[in-house]
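1. next come a sequence and a model predicted from it.
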Amino acid sequence: MKNRYVKQGMIKLCLLGLLTGCASAPVVENDKYTGAQLNDDFTDVLFATELAVESEADALARAENALQAGNVEKALFFYTRALKYEPENVETLAKIGAIQFERNDYARAKQAFSLAKSFDPAHSASLEGLGLIYMAEGMNEQAIRELRAAIAYDSQLWRAHNALGIYADKSNNFAAALGHYDTALIINPNAADVLNNRGYSRFLAGDFPGATADLYEAANDRDFPSAWANLGMVYAHHGWYDDAIWTYQNVMSDAHAYNNTGKIALKNGDFHQATWYLNEAIRRSPTYFPEAQQNLMRLEHLDR
C-alpha cells in the first residue's frame with residue numbers, strides 16, 4: 001500500500017574539454033552561472049565531438065531538437081552550453097533542473113532551480129521543481145512552502161497540486177487533498193499517478209465506490225501498476241477477499257497476494273479467513289516466507 005508515499009519518489013531531475021571548432025559569437029567567461037556546475041563529466045565527454053554552438057539561439061535549438069528526439073543527455077549538454085551566452089536565462093535553468101530531476105540528480109537539479117529562482121523569485125516552474133525535490137528529500141516544510149508559492153503564481157501546475165494533495169492526505173485533510181487532485185486532473189486528465197492518489201484519498205475518506213472507480217481506471221485503463229496494489233488493499237479492507245487476491249496478482253506473486261489479503265483479514269477481525277489466506281501464502285511461497293509466518297503467529301496469539 002501507500003506506494004504513492006514513496007513516490008516520490010515523485011515523484012521523478014564542468015567542462016572537461018573544448019568543443020571542436022570555434023564559436024563565432026563571444027561567450028561569457030565567468031563560469032559562476034554558465035552551467036559548469038549543472039552538468040556532469042560523462043555528458044560533456046559523450047558529446048565532446050559535437051560542433052561548437054554559434055549562439056544562444058543555436059544552442060537552444062539544438063537542445064530542443066535533442067529533447068524532441070528523446071535524447072535528454074544531449075539536450076542537457078546543449079542547454080548548459082546556452083548558459084554560456086545568457087547565464088541568467090531562467091527558462092534554460094529550469095529546463096536543466098527538470099532534466100536533472102528526472103535523472104535523479106537532485107543536487108544539480110536543486111542548484112539549477114535555485115539559480116532560476118534567484119534571478120526570478122516568481123518563476124513558478126522553478127518553485128515547483130524545488131518543492132518536488134524537497135518532497136523527495138523528506139524536507140516537508142520547505143516542500144510545502146515552495147509548492148504553495150508555485151501555484152500562487154501559476155495555478156495550472158498539476159504536479160504541484162498532486163504533491164500538495166499528498167501532504168493534505170498525510171494531515172488527514174481529505175477534502176483539501178481531493179480538491180488538489182481534482183484540480184490536477186482538470187489540468188492533466190491523463191495523469192495516472194494523480195488518479196491513483198485520488199482513489200487512495202477517497203479510500204481514506206471512506207468513499208469506497210469512488211476509491212474503487214479511480215483505482216480501477218488508473219490500473220486497468222491507464223496501466224499504472226501501483227493502482228492494482230492499492231485496489232487490492234481496498235477490496236481486502238472491504239472484505240472482498242477473493243477480489244483482492246485476483247487484483248494483487250496483477251502486480252505480485254501468489255504468495256504475497258495471499259499474505260497481503262490475510263494480513264488485512266486479520267485487521268478486519270476475520271480470523272478464519274486470515275488463517276486460510278496466510279497458510280496458503282506459506283504453501284505457495286517457493287522459499288521460507290517470514291512475513292507470512294509472523295502474521296500467522298500474530299493471528300494465533302489473537303485467536304486464543
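-> Yep, it's here. Residues are numbered from 1 along each chain as shown.

2. so how far is the helix or strand containing residue 283 from its chain's centroid?
-> In this structure, residue 283 sits in helix 271-284 according to DSSP states H and E. From the chain centre to the centre of helix 271-284 is a distance of 34 Å (C-alpha atoms, centre = their mean, to the nearest Å).

3. for residue 294, what are its contacts?
-> Neighbouring residues of residue 294 by C-beta atoms under 8 Å, 6 or more residues apart in numbering: there are none. For glycine as for every other residue, the C-beta is placed from the backbone atoms N, C-alpha and C.

4. for the stretch 201-304 of the chain, what spans make up the helices?
-> Assigned by DSSP state H, counting those that start in this stretch, the stretch 201-304 of the chain shows helices spanning 208-216, 225-237, 241-248, 254-268, 271-284, 290-302.

5. deepest in the core, which of those helices is it.
-> Mean neighbours per residue, mean count of other C-beta atoms under 10 Å, is largest over those for helix 225-237, with a mean of 24.

6. before we move on, the earlier item: nearest to residue 70, out of the helices of the stretch 201-304 of the chain?
-> Residue 70 lies closest to helix 225-237 among these, at 22.5 Å (C-beta to C-beta).

7. now do the closest one: which elements does it pack against?
-> Here helix 225-237 touches helix 192-204, helix 208-216, helix 241-248, helix 254-268, going by 3 or more C-beta pairs under 8 Å, 6 or more residues apart in numbering; DSSP states H and E.

8. got JSON lines for the helices of the stretch 201-304 of the chain, with mean pLDDT and distance to residue 55 too?
-> Converted to JSON lines, the helices of the stretch 201-304 of the chain look like this (pLDDT from 0 to 100; distance: least, C-beta to C-beta, whole Å):
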{"stretch": "helix 208-216", "mean pLDDT": "98", "distance to residue 55": "48"}
{"stretch": "helix 225-237", "mean pLDDT": "98", "distance to residue 55": "45"}
{"stretch": "helix 241-248", "mean pLDDT": "98", "distance to residue 55": "55"}
{"stretch": "helix 254-268", "mean pLDDT": "96", "distance to residue 55": "56"}
{"stretch": "helix 271-284", "mean pLDDT": "95", "distance to residue 55": "64"}
{"stretch": "helix 290-302", "mean pLDDT": "86", "distance to residue 55": "60"}
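
9. now stretch 152-168 - C-alpha only, CSV.
-> Provided in CSV are the C-alpha atoms of stretch 152-168 (Å, rounded to 0.1, in the frame of the first residue of the first chain):
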residue,chain,number,x,y,z
ALA,A,152,0.1,31.1,-6.2
TYR,A,153,2.0,32.3,-9.2
ASP,A,154,0.6,29.7,-11.6
SER,A,155,-2.5,27.7,-10.6
GLN,A,156,-2.0,25.3,-13.6
LEU,A,157,0.9,23.4,-12.2
TRP,A,158,-0.6,19.9,-11.9
ARG,A,159,2.4,18.3,-10.3
ALA,A,160,2.4,20.9,-7.5
HIS,A,161,-1.3,20.2,-6.9
ASN,A,162,-0.7,16.5,-6.8
ALA,A,163,2.1,16.9,-4.3
LEU,A,164,0.1,19.2,-2.1
GLY,A,165,-2.7,16.6,-2.2
ILE,A,166,-0.4,14.0,-0.8
TYR,A,167,0.6,16.3,2.0
ALA,A,168,-3.1,17.1,2.8
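
10. who touches that stretch?
-> 4-5, 7-8, 10-11, 122-125, 127-128, 131-132, 135, 140, 143-144, 147-148, 150-151, 174, 176-181, 183-185, 187-188, 191, 193-194, 197-198, 201.

11. residue 210 reaches residue 199, doesn't it?
-> Yes - the pair residue 210 / residue 199 is scored as a contact, 7.4 Å apart, by C-beta atoms under 8 Å.

12. please pick the buried ones from the contacts of stretch 152-168.
-> 4, 7-8, 10-11, 123-125, 127-128, 131-132, 135, 143-144, 147, 150-151, 174, 176-178, 180-181, 183-185, 187-188, 191, 193-194, 197-198, 201 (16 or more other C-beta atoms under 10 Å).

13. any low-confidence regions in this protein?
-> Applying pLDDT under 70 to the chain flags the ranges 1-36, 39-51, 303-304.
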